[in-house]
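1. Show me how the following folds:
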Amino acid sequence: MVDLVLGDDHVIFVDALVATLPRHGCDVVGTAHDVPGVVEAVREHQPDICLLDRYFGDGDGLDAIGEILNAGGRTRLLVLTADGDVRGMRDALAKGAAGYVNKMCGLSVLAGAIRGVMDGEAVVELAASRAPRLAGTTDALRLASHLTARERQCLRLLVAGAHTTAMAKQLGVAPTTVRTHVQSVLTKLGVHSRLEAASFAMRHGLLDDERMLVAG
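-> The predicted structure follows:
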């Protein structure tokens, strides 16, 4: 069982997770409904993972990420939020969060994200298929149309938060080959990092669009 502390100020949502997460191998050992309470619960229980909401009545949960991680020692932090803001996702990961999951993704995706975080992966689930397309998507699709089939596979794995070793194993190629493909993805999309490539793909729904299939 994975020990969890759940920080969220929506009581009904917390109660639902407390009731259902044990079916997915998780034990909620503590809950809190405000930021100081989350810090204290993590300090007391030293859980494997802290599930943290983005916004509380007393502030932005992202501002407390460093304090929560310091309180937990080995605790990994997974932001679970209704907020689909890509900038917020980047901020959370930069501050030390191991993942960022939109509540609209559902329980099965959350359970998978928890497993991924426990395996040392960086997990991002932004529920892009439910989000409106933003300005610039046409240009994004044009850039993505230049990706080969293998590069699209790499991009999908980047969005899933896979590291180079995991990507190499899944694709059946050497890590050096993966790095070459990833660098090509970054170049073609005009981004500078794996995280930026993943957020770019999610923001514009690149992996959900049939027009991606015309490349290759």
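2. C-alpha only now, for contacts and for neighbours.
-> Fine.
3. Okay, and the beta partners of the residue nearest the centre of the chain?
-> Residue closest to the average C-alpha location in the chain (C-alpha atoms, centre = their mean): Val124, at 1.8 Å. In this entry, Val124 is beta-bridged to Tyr100, by DSSP bridges.
4. Ala162 is in contact with that one, correct?
-> No - the pair Val124 and Ala162 does not pass the contact test of C-alpha atoms under 8 Å, sitting 10.2 Å apart.
5. Could you give the separation of stretch 52-72 from the chain centroid?
-> Centroid separation for stretch 52-72 versus its chain: 16 Å, with C-alpha atoms, centre = their mean, to the nearest Å.
6. Apologies, that question was intended for stretch 76-89.
-> With C-alpha atoms, centre = their mean, you get 7 Å for stretch 76-89.
7. same thing with stretch 22-35?
-> Using C-alpha atoms, centre = their mean, the offset of stretch 22-35 from its chain centre is 18 Å.
8. Ok, stretch 9-27 next?
-> With C-alpha atoms, centre = their mean, you get 19 Å for stretch 9-27.
9. Next: stretch 185-195.
-> Offset of stretch 185-195 from its chain centre (C-alpha atoms, centre = their mean): 18 Å.
10. How about that stretch, which residues are buried there?
-> Val185, Leu186, Leu189, Arg194, Leu195 (16 or more other C-alpha atoms under 10 Å).
11. Need the per-residue pLDDT for Asp139.
-> Per-residue pLDDT puts Asp139 at 76.
12. any idea which element it lies in?
-> Asp139 is part of helix 137-144 when elements are defined by DSSP states H and E.
13. Let me see the ranges of the helices in this structure.
-> Along the chain, the segments classed as helices by DSSP state H run 11-20, 35-45, 65-72, 86-94, 107-118, 137-144, 149-159, 164-171, 175-189, 194-203.
14. would you turn these into TSV with distance to Tyr100?
-> TSV is the format used below for the helices of the chain (distance: least, C-alpha to C-alpha, whole Å):
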stretch	distance to Tyr100
helix 11-20	17
helix 35-45	17
helix 65-72	12
helix 86-94	6
helix 107-118	9
helix 137-144	22
helix 149-159	12
helix 164-171	20
helix 175-189	21
helix 194-203	11
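15. sorry, back to before: list the buried residues in the helix holding Asp139.
-> Quick answer for helix 137-144 (16+ other C-alpha under 10 Å): Thr137, Ala140, Leu141, Leu143, Ala144.
16. Confirm for me that the second one is in contact with Arg203.
-> The one in question is Ala140. No - the criterion here is C-alpha under 8 Å, and Ala140 misses it with Arg203 at 9.6 Å.
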